[in-house]
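1. let me see the structure of the following:
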Amino acid sequence: MADWLSSKVVGKRQWNARLFSLRIQSEFNKFEAGQFVRVALDIAGERVARPYSLVNKPGDDYLEIYFNIVDEGPLTPKLAALEVGDKIFITNRANGFLIVDEVPECKHLWLLATGTGVGPFLSILKTEKVWQRFEKTVLAYSVRDGSELCYQDQIAAIKKQYAERFSFVPFVTREKIEGVIHQRITASLEDGTFEKRTGININENDSHIMMCGNAAMIAGASECLEKRGLRKHRRREPGHITTEKYH
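-> Numbering: from 1, shown residues only. Next comes the predicted model:
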C-alpha cells in the first residue's frame, strides 16, 4: 500500500468553466511518463482520493494533473477550489502500464485521447524515449468544443521540435472550427478520414495504438481496429492496442 505525502499546490490554471490544471510540489517525483498517481483531500473527516495521470515529464520539479469538474463527484469541485499554497496529498508511488517501455517494437505510435485523457500522452511526448523508438508518432485529441483543446502551446512546441515525425490531429465534435476533424475518433477511423490526415495507415505490421479517455471511444476504436486484425496488447501475448485501468 502506498503512503500519502503531504504536498502543496504551486500552480493553477483554469482552462474553461470545467477544466483545470494543478501543479504540485511534492517529495515524490519518480515515475514513468504515462503513469498515474492517486491524489487526495481530507473532506468531512475522510480522505477522498482519485487517480490522475501526470502531465509533466519525469525529472520536472513539480507534478501536474489535468482534470474536469464532476458535479456529483466528492473530489473534483474541491480540487478546482484549491489555490496556490493549499495542501494536497499525493501517493508516494506511481502506477500504470500506459508507458513506452510496454510497447512492442513498431514503426508508428498512435496516441488516441478524449478530453483529459490527453494528459499521459503529453508526458510521453515530452520525453526522448518516444522519439528514439518510433519513426512517427500521432496524437489524436478529441473534445466537444474549442475551449477544451488545452495545452496547445505544448503541442505546438513538440511539433516545432520534431516536425514531420509528429502529427497532431484535433477533433472537435460540437463546434465548427477550421482545421479540425468534425466527427468522433471512432467514425473517423471507420471512414479513413483520420489516417488520411496523417499520411500513414494503422495496420498490424507496423503500428501500436495507445488509448486514454472516454470509455465509449476506447470500446468503439478497439472494435474497429480488431476488425482489421489488431488485438489487445498483453505482456504474455504482445499485441497492438494498449489502454489503462485506473485502480
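
2. the most far-flung residue of the chain relative to its centre and residue 214, how far apart?
-> The centre of the chain is farthest from one residue, residue 45, which by CA atoms, centre = their mean lies 31.5 Å away. Remark: distance between residue 45 and residue 214 (CB to CB, to the nearest Å) = 33 Å. Yep, even glycine has a C-beta here, placed from its N, CA and C like the rest.

3. what residues sit buried inside stretch 93-105?
-> By neighbour count with 16 or more other CB atoms under 10 Å, stretch 93-105 contains the buried residues 94-100, 102-103.

4. er, stretch 137-154 I mean
-> Using 16+ other CB under 10 Å as the test for burial, stretch 137-154 gives 137-143, 148-151.

5. so for that stretch, first residue to last residue, what's the gap.
-> With CA to CA, to the nearest Å as the measure, the first residue of stretch 137-154 is 15 Å from its last.

6. same thing with stretch 29-40?
-> Length of stretch 29-40, first residue to last, CA to CA: 16 Å.

7. before we move on, what about stretch 192-205?
-> Taking CA to CA, the first and last residues of stretch 192-205 lie 18 Å apart.

8. for stretch 91-108, same thing?
-> End-to-end span of stretch 91-108 (CA to CA): 33 Å.

9. which strand runs longest in the chain?
-> Taking DSSP state E as the assignment, the strand of the chain that covers the most residues is strand 4-14.

10. which helices and strands does that strand pack with?
-> Using 3 or more CB pairs under 8 Å, 6 or more residues apart in numbering; DSSP states H and E as the contact definition, the elements that strand 4-14 packs against are strand 19-25, strand 87-91.

11. kindly recompute the last result at 10 Å.
-> Secondary-structure packing of strand 4-14 (3 or more CB pairs under 10 Å, 6 or more residues apart in numbering; DSSP states H and E): strand 19-25, strand 36-43, strand 63-68, helix 76-81, strand 87-91.

12. for residue 227, find the nearest of the ones you listed.
-> With CB to CB as the criterion, residue 227 lies closest to strand 36-43 of the helices and strands packed on strand 4-14, at 29.8 Å.

13. where does the prediction get shaky in this protein?
-> 1-2, 246-247 (pLDDT under 70).
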